[in-house]
Structures are given as structure tokens and as C-alpha cells.
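S.K.: Give me coordinates for this.
(one chain, ligands or ions: 1)
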Amino acid sequence: MSDNGMLYFQPWLCGPSSAASTRPADQSDEVKMLGAVLISHTSTALQRRRERCVKMADYSVATRISLEELILRLYDIDAVKFGEFTLKSGTESPIYIDLRVIVSYPEILVRVAEYLWDAAKQGGGKFMSVCGVPYTALPLATCISTSQNLPMLVRRKEAKDYGTKKMVEGHYKAGDICLVVEDVVTSGSSVLETVESLKQEGIVVRDCVVLLDREQGGRSKLEMQGIKLHSVLTVNQILDVLETAGKVDSETVAKVKKFVADNRFDIMAMSHAAAAAAAAAAAAANTASAANGNKRKMEELAIANGSPIEKQAKLNKAEVMKYRDRAQLCSHPMSKALFQLMDEKKSNLAFSVDVTECAKALELIDKVGPHICLVKTHVDILSDYTPDFTKELQKLAEKHRFLVFEDRKFADIGNTVKHQFSGGLYKISSWADLVNAHSVSGDGIIKGLKEACNESNKGCILIAEMSSSGNLAKGEYTEATVRMAEENDDFVVGFICQRRLTDNPEFIHMTPGIQLKTGSGDGLGQQYLTPEQVIKENQSDVIIVGRGILQAEDPVAAAQQYQEAGYKAYKSLFT
Ligand code: S5P
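M.R.: Next comes the predicted model:
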């Protein structure tokens with residue numbers, strides 16, 4: 001026992017067979033191992049306290065060690081070895097990196113975990129949990145969890161054949177953001193296996209932190225899946241430090257560097273020409289009878305140079321959730337209400353009531369009301385607007401159960417939009433459930449709009465992409481808009497966009513520029529997609545239709561057609 005009554009075993013601890021383990025026999029090795037790590041970590045803290053008085057001969061743990069020192073210590077404990085090794089893949093490698101041994105060196109374990117956490121923090125992400133890729137990274141994740149008071153999840157390697165059959169242990173809810181921890185990343189496949197299990201539980205993974213990136217393609221493979229890799233060390237850094245310290249000769253360094261360079265399975269490392277050739281091959285494969293697997297590979301190659309958002313939208317098509325389930329997850333009352341309405345009314349149709357007279361607008365809304373989940377207004381195009389219009393609109397919203405979205409597209413600084421939203425002629429914040437804003441002016445706009453609605457339950461939609469030709473809302477602008485939404489998710493509930501932009505099921509994606517028959521625009525830059533393209537292929541959530549209904553001979557029949565087409569496309573995601 002330690003001096004504070006805790007179990008204190010030094011220097012060796014082990015999970016399943018340790019005398020310290022008092023856990024029931026049916027628990028898995030991972031869980032037992034974690035128990036041992038916790039005790040080890042606690043002992044390290046105790047030991048650290050003691051060592052403020054008694055200086056240890058070798059590894060002083062009272063002060064933080066530099067990365068160079070960490071590399072040398074990893075070499076000393078045989079975590080990095082040079083020679084001839086056969087890897088799991090069958091490849092002969094001149095370097096072998098095995099971090100499993102660090103559990104025998106608690107001081108190094110804790111230092112590695114500190115560096116991992118620093119690297120993850122630098123990425124700027126916010127995490128609700130941490131999960132280690134089994135098994136080597138489990139103790140590292142445990143150290144991060146205990147030192148940062150961050151809940152941990154454990155991904156099982158295989159489902160239990162009794163009890164819950166869950167692949168992920170711990171308490172979590174769908175939509176939680178989890179940091180994945182790994183010791184070494186080569187191709188990224190092990191990380192993706194863990195990510196896959198977490199995603200199946202609705203857990204969001206955007207960041208992975210690793211001690212060593214072997215620089216053999218894992219980073220770009222993860223990036224293709226929307227996961228940012230943060231690494232503490234690279235093989236080249238290790239080689240440089242060990243060479244300078246005289247631990248390894250220059251011939252070995254050259255051999256290892258060549259091995260790393262020759263063994264990249266990194267499609268991002270392909271030349272631009274090769275990617276273009278792959279794109280051409282993909283196009284040809286569309287018409288030829290190429291196997292589906294090949295076609296998919298070609299598509300992946302073809303988009304290798306595109307934006308991560310495009311890649312993610314194309315690659316993660318399988319991950320869809322039902323409106324009902326998303327409604328349950330949503331913490332914002334407006335997104336919750338909208339998903340509920342979509343589920344109950346079997347409609348993902350938003351009606352854009354772009355007419356210029358109040359009576360006409362109200363008459364149309366009353367007629368199409370049963371078919372829609374949302375009415376989108378442009379109150380400033382109504383030539384005879386009076387506050388009565390919005391009073392009547394609210395009555396219709398109650399009668400037919402839809403939300404009201406004023407498409408005001410704010411774009412100014414926070415202080416100005418605050419007045420524009422709550423004041424002026426239209427007093428939008430007093431009647432609209434949702435309002436939208438451009439992200440161009442920075443997130444002050446979100447704060448200004450939020451202040452204007454005095455904590456009432458209004459929601460903001462950010463314009464991340466547009467439907468009009470030549471628009472500038474793309475690439476980095478779109479990505480920054482998504483990040484802005486994530487950082488302000490107490491008020492931002494979704495996006496105007498052309499495709500699904502994030503896996504977070506709480507964000508709602510709304511797409512304008514919809515007609516059943518496409519091909520021509522409106523002569524003023526508008527571009528149209530069909531409900532099927534938008535909901536099924538691009539995985540957006542809501543279709544916004546204006547003239548497709550307004551200019552139809554029978555607007556009610558047209559609204560019904562759009563409702564059916566949009567909902568059918570949604571249903572097809574689950575068949
Ligand atoms: O990118 C956009 C964003 C919006 S909100 N493209 C759009 O067309 N909109 C709006 O959607 C636009 O202001 C209009 O009210 C509606 C599309 O109308 P439609 O008649 O072309 O269907």
C-alpha cells in the first residue's frame with residue numbers, strides 16, 4: 001500500500017495477473033490493463049512527489065523532458081530498433097518501432113501522453129472524450145483521460161458474445177466529439193477501424209493524435225476521411241536526433257529514409273498528372289463495365305486534390321441517420337423541432353414564398369402548408385408589408401405546423417446586424433424561427449444576432465455554399481464557415497449549402513436551387529439540381545423550392561410532387 005492507502009506497486013505492474021487486480025474474472029484484457037495503467041499512473045504521481053526530495057539517478061521526472069531526450073529514451077528502452085525486421089504486412093523493414101514496451105516505463109508513458117495532449121490541443125479541437133486505438137494506445141489514452149479529466153471510451157477489438165454486444169465501452173451520446181489516440185500511424189488503417197466503431201455509435205471523430213507518424217501515407221488517408229492527424233514525432237526527426245547523438249550511423253539513416261520514401265501508399269503523393277489520369281480513367285469506367293470496387297478507387301484518386309469537404313461528402317455516403325433519431329439528439333430547440341416536423345409530416349420541403357404581395361403570399365402558404373416543413377420568406381420584397389403579415393404567417397405556421405425562416409442573409413458587423421435583426425421595419429427576431437447570415441464578416445455576426453434575440457430560441461443558418469454560378473463560397477471559405485458553426489453551435493443550427501458538409505447530426509443542411517426538371521437556369525445565374533441529386537447523392541437534408549412551385553400551373557400539386565420526390569430520395573438512403 002502507498003502512504004495514502006492506495007495500491008502502490010513498483011516498478012513492474014501488469015493487468016490480468018497482477019496481485020493488484022481485484023476485478024471480476026469476466027472482464028476483458030483491455031479493462032484489466034487499464035486498471036493497471038491507472039494504478040501505475042497514480043504511483044507515478046506519488047513517486048513524482050517523493051522525488052522532489054530524492055533525486056533519481058537516471059530519469060528525473062520532476063521536470064519536463066525535451067523531445068530530443070524523449071527520442072533518446074525511446075531508443076534506450078528498445079522502442080526504436082534498427083536491423084532487418086519483417087512487418088505485419090510481410091514487408092522487410094530496416095527500422096522497427098514498438099511502443100508496447102513503454103508501459104514498463106511509467107515516467108516515459110506519462111511524458112509521451114503529455115506530448116500527445118499538447119499536439120492535440122494545438123489542433124484547436126474541443127473534445128468530450130478520448131479513445132485509444134487498441135492495445136498499445138490504451139494506456140496513453142488513459143493517461144490523457146486522468147490528467148485532463150477527459151472521459152475515456154474503450155473500443156473493443158471484437159464484440160462480446162454476451163451482454164450488450166457493444167463495440168464501444170463507456171458513457172457517451174451520439175454527437176459527442178472524441179479524440180482518437182494512436183502510438184504509430186503507418187497507413188492509418190488501424191485508426192480508421194477505431195473511428196468506424198465510434199462512428200457507428202454516432203460519435204464524431206475529427207482529430208487523431210499520434211506519437212509517431214511513419215510518413216508513409218497515413219496522414220492523407222485519414223484526411224480523406226475528414227480526420228486531421230496531429231503527430232508528435234516523425235521517423236525523420238527520430239533519425240536526425242539519433243544520428244546527432246551518435247546512436248546510429250549515416251548509412252543506416254540513409255537506408256531507413258529510402259525505405260520510408262519507397263513505401264508510401266499515399267495517393268496524395270501521386271503526381272498531379274497521375275491523379276488527372278485516374279480521373280480520366282474514372283470517367284471511362286463510368287461507361288465501361290469496370291468493377292465497382294475499381295470505380296470507387298478511381299473516384300477516390302480523382303478527388304485526391306479536391307477539398308477535404310468534397311472528399312468527405314463523397315466518401316461518407318453511408319453514414320446517414322433518420323430525422324427522428326436526429327431530433328432526439330439535437331440540443332437546440334429549433335433543429336429538434338424541424339427534424340420532428342420532417343419526420344411527422346414526411347416532408348423535407350421548404351417553400352420559398354418569393355412573391356411581392358402579402359395576400360398572395362399568405363394564400364399560397366395556406367394552400368401548400370400541409371406539404372412543407374418550413375416557409376422561407378424575403379419580407380423585404382413584399383411591396384405592401386405591414387406587421388399584420390407576420391402575425392398571419394405565424395397563425396398559418398401553427399395551423400399547418402411549419403417553421404418560419406427569414407432569408408435575410410445578414411453580412412455586416414455584429415453591432416449592425418443586431419439592430420437589423422431586432423429593429424427597423426421588420427423586427428425579424430420577433431417572428432422568425434430561423435434566420436441566415438454570411439460568414440464573411442467573422443463570427444461577430446453570430447454574436448450580434450444572438451444578442452438581438454435575447455436568449456429566445458431562435459436559430460441561425462450560416463451560408464456555407466451558394467447555388468448561383470460563379471459564387472465565391474467554396475473551398476477554404478466553406479470549411480471556415482463549418483468551423484465557425486461548430487464553435488457557435490448553441491445558436492448556429494445548420495447551413496445553406498449544396499451538399500452535406502459535416503457528420504455532426506445536429507446540423508441541418510438546406511439546399512436551394514431545386515427543380516424537378518433541371519438543365520436550364522433562370523438567366524440570372526441560378527443553377528438547379530433535382531431533389532434526388534440533393535438529398536440522395538449530396539446528402540443534404542432540406543430542399544428549398546421557390547419558382548418550381550410558384551410558377552407551376554397548380555402550385556399545390558407541384559408542392560405535393562416536390563414533397564414526394566424529396567421524401568422518396570430520403571427514404572432511399574435507408575434501402
Ligand atoms: O445560394 C442560394 C441561397 C439561397 S437562400 N441560392 C438561392 O437561390 N437561395 C434562395 O433560395 C433565393 O434567394 C430564393 O429565395 C430561393 C430559390 O428560389 P428558386 O425560385 O430559384 O427556387
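S.K.: Could you use CA atoms for every contact and neighbour count after this?
M.R.: Will do.
S.K.: so who does whichever residue of the stretch 1-150 of the chain sits closest to the ligand touch?
M.R.: Proximity of the stretch 1-150 of the chain to the ligand (CA to the nearest ligand atom) peaks at Gly125, 28.7 Å away. With contact set as CA atoms under 8 Å, 6 or more residues apart in numbering, Gly125 has these partners: Asp207.
S.K.: correct me, but His438 touches Asp407?
M.R.: No: using CA atoms under 8 Å, His438 makes no contact with Asp407, being 11.0 Å away.
S.K.: Regarding the most centrally placed residue in the chain, what is its secondary structure?
M.R.: Central residue of the chain (CA atoms, centre = their mean): Arg206, 4.2 Å from the mean position. Secondary structure assignment for Arg206 (DSSP: H, G, I helix; E, B strand; the rest coil): strand.
S.K.: I'd like to know how far it sits from the ligand.
M.R.: Arg206 sits at a distance of 27 Å from the ligand (criterion: CA to the nearest ligand atom, to the nearest Å).
S.K.: Alongside the ligand, which residues does the chain contribute?
M.R.: By CA under 6 Å from any ligand atom, the residues of the chain that approach the ligand are 352, 354, 407, 466-468, 512-514, 545-548.
S.K.: rerun that using 8 Å as the cut-off
M.R.: Selection of the chain residues close to the ligand by CA under 8 Å from any ligand atom yields 352-354, 376-378, 407, 409, 463, 465-468, 496-497, 511-515, 522, 526-528, 544-550.
S.K.: Among these, which lie within strands?
M.R.: Cross-referencing the residues of the chain next to the ligand against strands under DSSP state E gives Ser352, Lys376, Thr377, Asp407, Lys409, Ile463, Ile496, Thr511, Ile544, Val545.
S.K.: rewinding a little: the residue nearest to the centre of the chain: what's it in contact with?
M.R.: When contacts are counted by CA under 8 Å, 6+ apart, Arg206 touches Ile177, Cys178, Leu179, Gly226, Ile227, Lys228.
S.K.: which one of the residues you listed is nearest Leu242?
M.R.: Here the nearest of these to Leu242, counting by CA to CA, is Lys228; it sits at 27.9 Å.
S.K.: That closest one pairs with what?
M.R.: Asp207 (DSSP bridges).
S.K.: who's in contact with it?
M.R.: Arg206, Asp207, Cys208, Arg219, Leu222.
S.K.: Switch those over to JSON lines; also include pLDDT.
M.R.: Below are the contacts of Lys228 laid out as JSON lines (pLDDT from 0 to 100):
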{"residue": "Arg206", "pLDDT": "94"}
{"residue": "Asp207", "pLDDT": "95"}
{"residue": "Cys208", "pLDDT": "96"}
{"residue": "Arg219", "pLDDT": "86"}
{"residue": "Leu222", "pLDDT": "86"}
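S.K.: Adding distance to Leu74, write these out as CSV.
M.R.: As requested, these are exported to CSV (distance: CA to CA, whole Å):
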residue, distance to Leu74
Arg206, 28
Asp207, 25
Cys208, 21
Arg219, 23
Leu222, 26
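S.K.: Low-confidence stretches in the protein?
M.R.: Scanning the chain for pLDDT under 70 picks out 1-64, 88-90, 158-165, 264-319, 455.
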